[in-house]
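# Here's a sequence, model it:
(one chain, ligands or ions: 1)
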Amino acid sequence: MQQAQIDRLRAAVIPAQQLFIGGRPAPAISEARLDVVSPIDGQVLTSIADGDAADVDAAVRRARQAFEQGSWSRAAPAQRKKVLLRFADLIEQHALEIAVLGVRDNGTEIGMAYKAEPLSAAGTIRYYAEAIDKVYGEIAPTSGDVLGLVHREPLGVVGVIVPWNFPLMIGAWKIGPALAAGNSVVVKPPELASLTLLRLAELAAEAGLPDGVLNVVTGRGSSAGEALALHMDVDVLAFTGSGAVGRRLLECSARSNLKRVHLELGGKSPNIVFADAPDIRHAAKVSASGIFRNSGQVCVAGSRLLVQSSIYDRFMAELLDATAKLRVGDPLELTSDIGAISSKAQLRKNLDAVAHAEAQGATRLVGGEQIRVESGGNFMAPAILTEVTATMQVWREEVFGPVLAVTRFEGEEDAIALANATPYGLASAVWTASLSMAHRMVRAIKAGVVHVNAYGGADITVPLGGFKQSGFGRDKSLHALDAYTDLKTAWIAL
Ligand code: NAD
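Below you'll find the model as predicted:
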């Protein structure tokens, strides 16, 4: 990746975008549009179609038609694999173009976006393509006079709703297994970052995915999103986003056709550093990037830091040093470690969270203010708050910004109680040289993932999802296929 290539791509004019239904672009029936505002300089980049219930209905009908027609749903898994591998190759071939498009839309630093968005999406599609012709049904252990077969079938029409922080990576975690299993899909991208998912649909068509199997309806959550959740002919809804919207989707399911709903929600993940951590400097560096990369707009971000008292001063000095080295800047400059915050509203929310924490008695050690104001974009200096207690809002509630809440602890029990003092349970980390301590913490922490001497980086081979109010869906790994398939029994008298 060269700066000159990035500069060329960022200069490209982005045409006004349409919906993608039935294998081709289509305008919203109402012809309504939404401006796309760049988080980098506050300028209008382009516009997207403001789809609503009528467009969602058209997309779902097209998806159902494709499903029933069977050229994808009943194709041999090896045939689906061929198309999906071509799809993954195309995403990879266009990776830089897609990454730059996404950064212009949501502000993630390019180094991270390139790997986490197109490259990760291509890897995910390839993983499920490779898997799908290796998944067998079952023969039940019945008596000899019958044959019990357990078939695994696609569900039908899958609705996908994703957030703006990593729309492609998270989208692919759902689209990949759903398509591989033979379903048709309707995606509702986040209104703050729709462009890459639209591009993804074009590449799927180019790869040979039959028309109508993958559709994209852009628009607002409250109209297009909710219409998808309420649609009577959507069989399953796979969602990543906030808890408030997750609750709403469960209600929509109850009020419509009882569609299955898989929820991947927010987090307030504890990062626990014991005095015997193998390498304090490394732990501090990884802890800083574990909260501050992508301006903290990462569901698994280690937003609560717990440091054992005996090494607190030493660790905090290393943490400050590591944080000072992270350069906040134009996300399309390769020298920037942290890019822009997705929207003015999110920036405001982050600044307010810092002010509120201070008002509740936390100490602002560094950062927490808006910077690069002259750019017109949304930038914030990473904030470290100390003397945070378990009753403060900043300890319990997700900010989804570059805000780290720090506290100290004495011993193991203390650390476990503080770590679990939140309604969330998405991710966590423990830094220790003791194998037994690490395993005890893995058992004690209520979270979907416990990193040991690491933060982040868990690949596609392992599931991701929450405990408690972080949701109950599981993306990634072969387990994700369960969400997009159903079991059917054949009971055959012999
Ligand atoms: P959000 O819940 O506001 O929006 C997510 C998506 O839901 C968007 O596409 C939005 O348009 C849509 N939506 C909004 N209202 C809707 C409605 N009434 N009906 C249907 N759809 C609706 O979340 P966000 O602000 O885009 O993303 C940030 C949140 O996502 C954070 O809470 C973060 O932790 C969470 N997140 C979780 C994971 C995970 O894997 N668990 C990953 C990334 C982000």
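
# got the contact list for the nearest residue to residue 39 once chain neighbours are set aside?
Setting aside the residues directly before and after it, residue 39 is nearest to residue 107 in space (CB to CB, 6 or more residues apart in numbering), at 3.6 Å. C-betas here are computed from N, CA, C, even on glycine. With contact taken as CB atoms under 8 Å, 6 or more residues apart in numbering, residue 107 is in contact with 38, 39, 40, 295, 331, 339, 340, 341, 342, 377, 378.

# Show the model's pLDDT score for the spatially closest residue to residue 51 that is not a sequence neighbour.
Leaving aside its sequence neighbours, residue 51 sits nearest to residue 219 (CB to CB, 6+ apart; 3.6 Å). Taken from the predicted model, the pLDDT recorded for residue 219 is 98.

# Run a quick neighbour tally on residue 219.
Around residue 219 there are 28 other residues, counting by other CB atoms under 10 Å.

# how far away is it from residue 52?
Taking CB to CB, to the nearest Å as the criterion, residue 219 is separated from residue 52 by 6 Å.

# correct me, but residue 161 touches residue 191?
No. Proximity of residue 161 to residue 191 does not meet the contact threshold set by CB atoms under 8 Å, at 11.1 Å.

# Could you tell me whether residue 368 really is in a helix?
No. Secondary structure of residue 368, determined by DSSP: H, G, I helix; E, B strand; the rest coil: coil, with no helix assignment.

# my guess is it meets residue 403, correct?
Yes. Under the criterion of CB under 8 Å, residue 368 lies in contact with residue 403, with a separation of 7.1 Å.

# what do these two both touch?
Applying CB under 8 Å, 6+ apart, one finds that residue 368 and residue 403 are jointly contacted by 354, 383, 385.

# Take the residues you listed and lay them out in TSV including neighbour count, distance to the ligand and pLDDT.
Converted to TSV, the shared contacts of residue 368 and residue 403 look like this (neighbours: other CB atoms under 10 Å; distance: CB to the nearest ligand atom, whole Å; pLDDT from 0 to 100):
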residue	neighbour count	distance to the ligand	pLDDT
354	22	18	98
383	29	18	98
385	26	19	98
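
# quick check: domain ranges of the protein?
The chain breaks down into these domains under automatic domain parsing: 3-265, 270-466.

# For residue 347, list the residues it contacts.
Applying CB under 8 Å, 6+ apart, the residues contacting residue 347 are 341, 370, 378, 379, 380, 401.

# List just the nearest of those residues to the ligand.
Distance from the ligand was checked for each of the contacts of residue 347 by CB to the nearest ligand atom. The minimum falls on residue 401, at 10.5 Å.

# Next one: the closest one from residue 293, what distance?
Using CB to CB, one gets 12 Å for the distance from residue 401 to residue 293.

# that older thread, just to check, the residue nearest to residue 51 is in contact with residue 50?
Yes. Contact status for residue 219 versus residue 50: in contact at 5.0 Å, counting by CB under 8 Å.

# and for these two, which residues touch both?
Any residue near both residue 219 and residue 50 by CB under 8 Å, 6+ apart counts here, and that gives 28, 34.

# Could you verify that the residue nearest to residue 51 is part of a helix?
No. Counting by three-state DSSP, residue 219 is not part of a helix but coil.

# Please list all residues in contact with it.
Going by CB under 8 Å, 6+ apart, residue 219 touches 28, 34, 48, 49, 50, 51, 52, 55, 188, 191, 225.

# ok now do residue 224, which residues does it touch?
50, 51, 52, 53, 55, 56, 188, 217, 218.

# those helices in the stretch 251-400 of the chain, which residues are they?
In the stretch 251-400 of the chain, the helices defined using DSSP state H, counting those that start in this stretch lie at 280-292, 312-324, 344-359, 393-396.

# in the third one, what counts as buried?
Judged by neighbour count using 16 or more other CB atoms under 10 Å, the buried positions of helix 344-359 are 346, 347, 350, 351, 353, 354, 357.

# now swap in the second one and tell me
Across helix 312-324, burial judged by 16+ other CB under 10 Å covers 312, 315, 316, 318, 319, 322, 323.

# Now do it and helix 280-292, the angle between them.
Using axes from the mean of the first three to the mean of the last three CA atoms, to 10 degrees, the direction of helix 312-324 lies 50 degrees away from that of helix 280-292.

# Tell me which helix or strand residue 187 sits in.
Using DSSP states H and E, residue 187 falls within strand 184-188.

# more crowded one of residue 401 and residue 293?
Counting neighbours by other CB under 10 Å for residue 401 and for residue 293 shows that residue 401 has the greater number, 27 against 23.

# how about the nearest residue to the residue of the stretch 51-200 of the chain found nearest the ligand, chain neighbours excluded?
Of the stretch 51-200 of the chain, the residue with the smallest distance to the ligand, taken as CB to the nearest ligand atom, is residue 163 at 3.0 Å. Spatial nearest neighbour of residue 163, excluding adjacent residues (CB to CB, 6+ apart): residue 241 at 4.6 Å.

# can you check residue 310 too?
In space, not counting the residues next to it along the chain, residue 310 is nearest to residue 275; the distance is 4.7 Å by CB to CB, 6+ apart.

# ok, now residue 388?
When the adjacent residues along the chain are set aside, residue 388 lies closest to residue 405, with 4.3 Å between them (CB to CB, 6+ apart).

# quick one: contacts for that neighbour?
With contact taken as CB under 8 Å, 6+ apart, residue 405 is in contact with 303, 304, 305, 357, 362, 385, 388, 392, 394, 395.

# interface residues of the chain facing the ligand?
Counting by CB under 6 Å from any ligand atom, the residues of the chain lying close to the ligand are 161-165, 170, 188, 190-191, 221-222, 225-226, 229, 240-242, 245, 248-249, 264-267, 299, 398, 400, 426, 464, 466.

# most centrally placed residue in this structure?
For the chain, the residue lying nearest the average C-alpha position, counting by CA atoms, centre = their mean, turns out to be residue 170 (3.9 Å).

# That one: what's it in contact with?
Taking CB under 8 Å, 6+ apart as the criterion, residue 170 is in contact with 162, 163, 240, 264, 475.

# Need the max-distance pair from those residues.
Spanning the widest gap among those are 163 and 475, at 12.6 Å by CB to CB.

# so what's in contact with those two at the same time?
By the contact definition CB under 8 Å, 6+ apart, residue 163 and residue 475 are jointly contacted by 170, 240.

# follow-up on the earlier one: so which of the contacts of residue 219 belong to helices?
Among these, the residues falling in helices (DSSP state H) are residue 55.

# Among the contacts of residue 219, which are located in strands?
Within the contacts of residue 219, residues falling in strands by DSSP state E are 34, 48, 49, 188.

# for these, which one is nearest the ligand?
Top of the list for closeness to the ligand, among those and by CB to the nearest ligand atom, is residue 188 at 5.7 Å.
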